[in-house]
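Novice: A structural model of the following input is requested.
(one chain, ligands or ions: 1)
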Amino acid sequence: RVAALLEIGGVKIAKDDVVRESDPTNNVPDSIFSKIGLQLHRRDNHPIGILKNAIYEYFDTSYSSMFVKFDDLCPIVSVQQNFDEVLVPADHVSRSYNDTYYVDAGTVLRCHTSAHQAELLRAGHSHFLVTGDVYRRDSIDSTHYPVFHQMEGVRVFSPDEWEVSSTDATSYAATNLKKCLEGLARHLFGAVEMRWVDTYFPFTNPSFELEIYFQEKWMEVLGCGVTEQEILNRNGRKDSVAWAFGLGLERLAMVLFDIPDIRLFWSTDQRLTSQFSAGKLGVKFKPFSKFPPCYKDISFWISDSFTENNLCEVVRGIAGDLVEEVAILQRRLIIYFLWQVKLIDNFTNKKGMTSHCYRIAFRSMERSLTDEEINQLQWSIRETVQTKLHVTLR
Ligand code: PHE
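Specialist: Numbers count the residues shown, from 1 in each chain. Take a look at the predicted model:
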């Protein structure tokens, strides 16, 4: 079912070049490769596409179509584009194999749309939006999934723009940025509870995050800031100042459409897809059913290389996502199949061995799951965890 050859923005991608299990510089699993090229952001009837278009509309009307839009840039980029060109330090954790999907030592699946900032500045653009799928090795839960969509925005100002104001270039850009994004939030939501939080990014200074109150928690929906001068200097904009932002489209769409779990965006179930249509922003998602989860615990002595991200990848390889059909007991069963992994016990014994116990919650949106059918999955997970992650089951 996985296409062996894809084409994105004119770039041809062969599966064998992206998934190479025997190559230690490659950590892209099949389940991730199968998401490349789906481009949910380019589907006008999909919540992510509907949201992208609504954001375009805001920028087109507020800035008389000054922003140039890109939504078909290839997600396979160089380490240079993804990290070096946006000043991510050589020892930053985001560069690790635990956090990022590497195609080879010099090539990654972009982990943010910021990977395209420098090349577009060099190409002479001073107002642009880049929308695309981004990839991060991460634990999976209702707001985290290893593939999601971002929209990057960059605006460059020339000296005459801030010189007439009574502020310095940096405060001018920061004020302009916050106004722009607050305006966008009003355009999308009308009223929601939101707050600005100071933060750090290697490529902006000062840096901010915008959080929205959703499902009884503050959820980060975007990062932004005033572009580091070094990036402008290196890309032919020495005398300018700029701002940049990166929006998480799934998280904004969750709030807008009342979608409770990030994995639902990948569903092809008609009962879900038929609820959304092009141009309709305010529609609230109606869940079709709710059933209790079935819990299974797994305990093991961890090895030095063990990480929770690796465990999630194993579970995902066996149990799929909620949105994929899973064959259990010979039947194609569940379309909505949620699982969640949670560390419930963690201790180190006298010999220095550390044990973790994870509780995996399996849940179907269609009916109550039985213990027997989940046992089968659990046994495969136990076997694979042991062989692939080199842990010792207890
Ligand atoms: N790239 C950042 C992220 O993915 C978001 C960001 C974009 C922050 C642009 C500042 C400026 O988290």
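Novice: When you work out contacts or count neighbours from here on, use the C-alpha atoms and nothing else.
Specialist: OK.
Novice: Ignoring the adjacent residues along the chain, who's closest to residue 168?
Specialist: With C-alpha to C-alpha, 6 or more residues apart in numbering as the criterion, residue 168 has its nearest non-adjacent residue at 7.0 Å, and that residue is residue 162.
Novice: Next one: that neighbour from the ligand, what distance?
Specialist: As defined by C-alpha to the nearest ligand atom, to the nearest Å, residue 162 lies at a distance of 20 Å from the ligand.
Novice: do the same with residue 201
Specialist: Using C-alpha to the nearest ligand atom, we find residue 201 at a distance of 6 Å from the ligand.
Novice: Tell me, how many residues neighbour that residue?
Specialist: Counted with other C-alpha atoms under 10 Å, the burial measure for residue 201 works out to 17 neighbours.
Novice: From what I see, it and residue 207 are in contact.
Specialist: Yes. With contact defined as C-alpha atoms under 8 Å, residue 201 counts as touching residue 207 (6.3 Å).
Novice: For beta bridges, what are the partners of the residue nearest to the spatial centre of the chain?
Specialist: Using C-alpha atoms, centre = their mean, the residue of the chain that lies closest to the mean C-alpha position is residue 148, 3.2 Å off. Here residue 148 sits in beta bridges with residue 134, as judged by DSSP bridges.
Novice: Would you mind listing what in the protein touches the ligand?
Specialist: 112, 114, 204, 223, 224, 225, 244, 245, 246 (C-alpha under 6 Å from any ligand atom).
Novice: Show me what the third one bridges to in the sheet.
Specialist: Spelled out, that is residue 204. Under DSSP bridges, the residues paired with residue 204 across the bridge are residue 201, residue 227.
Novice: can you pull the contacts of it?
Specialist: Residues in contact with residue 204, defined by C-alpha atoms under 8 Å, 6 or more residues apart in numbering, are 224, 225, 226, 227, 228, 243, 244.
Novice: next structured bit after the helix or strand containing the residue nearest to residue 168?
Specialist: Taking DSSP states H and E as the criterion, the element that holds residue 162 is helix 159-163. Counting by DSSP H and E, the element after helix 159-163 in chain order, helix or strand, is helix 169-189.
Novice: Check which residues of that following helix are buried.
Specialist: For helix 169-189, the buried set under the neighbour-count rule, 16 or more other C-alpha atoms under 10 Å, comprises 169, 170, 172, 173, 174, 177, 178, 181, 183, 184, 185, 188.
Novice: and those, which two are the farthest apart?
Specialist: In these, the most distant members under the criterion C-alpha to C-alpha are 169 and 188, with 28.7 Å between them.
Novice: Just give me the neighbour total for residue 39.
Specialist: Applying other C-alpha under 10 Å, we find 18 residues neighbouring residue 39.
Novice: Return the distance of the nearest residue to it once chain neighbours are set aside relative to the ligand.
Specialist: Leaving aside its chain neighbours, residue 39 sits nearest to residue 133 (6.6 Å; criterion: C-alpha to C-alpha, 6+ apart). To the ligand, residue 133 is 11 Å away according to C-alpha to the nearest ligand atom.
Novice: Next: residue 257.
Specialist: With distances defined as C-alpha to the nearest ligand atom, the gap from residue 257 to the ligand amounts to 22 Å.
Novice: Surely residue 192 touches residue 212?
Specialist: Yes. Applying C-alpha under 8 Å, one finds residue 192 in contact with residue 212, separated by 7.1 Å.
Novice: neighbour count winner among those two?
Specialist: Of the pair residue 192 and residue 212, residue 212 is the one with more neighbours under other C-alpha under 10 Å, namely 20 against 13.
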